[in-house]
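Asks: Dropping a prediction and its sequence here:
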Amino acid sequence: MKKKILPLLLTFLLAFGMLPATTFANEDGQAHDFADMPNNWSTAALKKAVENELLKGYTVSGKKLINANAPLKRAEMAAVVNRAFGAVKTAELNGVTDVASKAWYASDMAKAVMMGTFMKDTKMRPESNITRQEAFVVLARAFKVSSDTAENKALANYSDQNRIAAWAKKDINAMLEAGYVQGSDGKLNPNANISRAEFATVMDNLVKQYIDIPGDVTDISTSGNVLIRVPGVTLKDLTIKGDLIIADGVGEGDVTLDNVKVEGRTVVRGGGENSVIIKGNSDLSKVIVCKVDGKVRISVEGEADVEVIYVDDGSDDVLIKGNIGTLEVAGDNITAFATDANLTKAVVSGDYSAIILRDKSNMKEGNITGNASKIIVENGTAADKITISGSDAKVEGDGTVKDVEVKA
């Protein structure tokens, strides 16, 4: 899918020594409050980061400082991303030895682990500077930026690609393909620190508008990605020229898309059992469902058109209703319930996962490629054809299946 190329300034600046991190979460203010706000390429992004409550500052000798050129620490990045997405839920940090329970960043590190942006480890190095490759991987995880290929071709243009850690290559390649990052003088400088100003610029490239107030939204002020981080929002009669992110801050609440066209992807990280409603003449090409905790429902109503619903990961059930082009469960240990749904195609590519047809649902074509996965066709539902190629995969249920082909 084509994305609007959003250039990223990658100028490296001489970094200041960091001030005590304990003040990072305690100070805030408007952009004009900071005595050291720069007047350069980063100014607009820094002001937006402050206005959207992503970056906060420090107080030194009675002055508020944004400290734009200082390297961003890992805990600070966790806090910024949490704020951007409105994250609330926390994971247990049992076994983590370097995150003190009374540290200002303890809650933010726990939220980051729950979001899946930071991986839980014995040492999470919250007070270490975060490198460019680490920062790009965190953002790829948060925004579900991925590549359609496995060859990492986008890295081939950079002379220092061999300096990228193996665990980071896939995500950095995807960020390059999407146009969110670019190199400088043919290099990516993956192990260099990223400054607060640089990171603010990346975030500005990734999100052009935040929606923070419940109610009807009938105007989008800019092109680019839009992020909803509160429940109770209805987008009406809009075209979003980028991605739409329904963020963690929506919680178990609702978001309605009424006559909305999304030219990019729709990333569903929040919502509940009666949540994401797509209606009117809405047109969505790809919906990525990746809520990390709790059930979420995608309901397609009326003349709305959704080409693909891709269930990426999560710990609970996904509920699907309405007319869908393709439903794919790609994550492991996930069950998707198609209720009163019409599916042109259904794919279970994750392991130990399932798609269950119920309540008059119909499916034209089904494919089970994941190991120990299944499609269940319940009584009163029907499937034209199901192909099995995954190990120990199954077709079950009392519904009608016209044809089953077993390839493995």
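Replies: Thanks, I have it.
Asks: F143 - how many residues pack around it?
Replies: Residues within reach of F143, counting by other C-beta atoms under 10 Å, total 27. Using the backbone N, CA and C atoms, a C-beta is placed for each residue, glycine as well.
Asks: Going by neighbour count, which residues in stretch 202-213 are buried?
Replies: 202-211 (16 or more other C-beta atoms under 10 Å).
Asks: for the closest residue to F118 other than its chain neighbours, helix, strand, or coil?
Replies: Once flanking residues are discounted, F118 sits nearest to A112: 3.9 Å by C-beta to C-beta, 6 or more residues apart in numbering. Using DSSP: H, G, I helix; E, B strand; the rest coil, the secondary structure recorded for A112 is helix.
Asks: how much space between A112 and L206?
Replies: Noted for A112: a distance of 16 Å to L206, by C-beta to C-beta, to the nearest Å.
Asks: F199 now?
Replies: 11 Å.
Asks: One more: G302?
Replies: 32 Å.
Asks: now do A135
Replies: On the measure of C-beta to C-beta, A135 and L206 end up 11 Å apart.
Asks: repeat for G397
Replies: 42 Å.
Asks: ditto for V81
Replies: In this view, V81 and L206 are 10 Å apart by C-beta to C-beta.
Asks: And T400, by the same measure?
Replies: For T400, the distance to L206 - C-beta to C-beta - is 46 Å.
Asks: give me the number of residues near the residue nearest to F118?
Replies: A112: 29 surrounding residues under other C-beta under 10 Å.
Asks: I'd like to know how far it sits from R297.
Replies: Counting by C-beta to C-beta, the gap from A112 to R297 is 26 Å.
Asks: can you list the residues that contact the helix or strand hosting Q133?
Replies: According to DSSP states H and E, Q133 maps onto helix 132-143. Residues from elsewhere that reach helix 132-143 (C-beta atoms under 8 Å, 6 or more residues apart in numbering): 72, 74, 77, 81, 84-85, 115-118, 130, 145-146, 164-165, 167-168, 171-172, 174-175, 180-181, 188-194, 199, 202, 206, 225, 243, 245, 267.
Asks: Buried by neighbour count, from those: which ones?
Replies: Buried among these by 16+ other C-beta under 10 Å: 72, 74, 77, 81, 84-85, 115-118, 130, 145-146, 164, 168, 171-172, 174-175, 180-181, 188-190, 192-194, 199, 202, 206, 225, 243, 245, 267.
Asks: So which of those residues belong to strands?
Replies: 245, 267 (DSSP state E).
Asks: Would you list the strands that the helix or strand bottoming out on mean pLDDT in the chain pairs with, along with their directions?
Replies: Least confident helix or strand of the chain, by mean pLDDT, DSSP states H and E, is strand 58-60 with a mean of 85. Strand 58-60 pairs in its sheet with strand 63-65 (antiparallel), by DSSP bridges.
Asks: Which pLDDT value goes with the residue positioned nearest the centre of the chain?
Replies: Taking C-alpha atoms, centre = their mean as the criterion, F143 is the residue nearest the geometric centre of the chain, at 2.8 Å. pLDDT for F143: 97.
Asks: Any chance you could list what contacts stretch 270-280?
Replies: Under C-beta under 8 Å, 6+ apart, the answer for stretch 270-280 is 86, 228-229, 231, 246-260, 268, 284, 291, 294-304, 306, 319, 322.
Asks: can you give me the strands in the stretch 251-400 of the chain?
Replies: 255-268, 276-279, 283-289, 296-300, 305-311, 318-329, 335-348, 354-358, 362-368, 374-377, 382-388, 394-396, 400-406 (DSSP state E, counting those that start in this stretch).
Asks: Identify whichever of these lies nearest to W104.
Replies: For W104, the closest of the strands of the stretch 251-400 of the chain is strand 255-268, at 28.9 Å, according to C-beta to C-beta.
Asks: how about the closest one as CSV, C-alpha atoms only?
Replies: Provided in CSV are the C-alpha atoms of strand 255-268 (Å, rounded to 0.1, in the frame of the first residue of the first chain):
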residue,chain,number,x,y,z
VAL,A,255,-15.1,4.8,17.9
THR,A,256,-17.4,5.3,15.0
LEU,A,257,-16.4,5.9,11.4
ASP,A,258,-19.4,7.3,9.4
ASN,A,259,-18.8,7.9,5.8
VAL,A,260,-15.0,7.9,6.3
LYS,A,261,-12.3,7.0,3.7
VAL,A,262,-8.9,6.0,5.1
GLU,A,263,-6.3,6.1,2.4
GLY,A,264,-3.7,4.3,4.5
ARG,A,265,-4.2,1.6,7.1
THR,A,266,-6.5,1.6,10.1
VAL,A,267,-4.6,0.4,13.2
VAL,A,268,-6.9,-0.8,16.1
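Asks: relative orientation of that strand and strand 305-311 in degrees?
Replies: Here strand 255-268 runs at an angle of 50 degrees relative to strand 305-311 (axes from the mean of the first three to the mean of the last three C-alpha atoms, to 10 degrees).
Asks: how many neighbours does D185 have?
Replies: Counted with other C-beta under 10 Å, residues neighbouring D185 total 8.
Asks: ends of stretch 260-278, how far apart?
Replies: Stretch 260-278 has an end-to-end distance of 8 Å (criterion: C-alpha to C-alpha, to the nearest Å).
Asks: Next, the buried residues of it.
Replies: So stretch 260-278, judged by 16+ other C-beta under 10 Å, has buried residues 260-272, 275-278.
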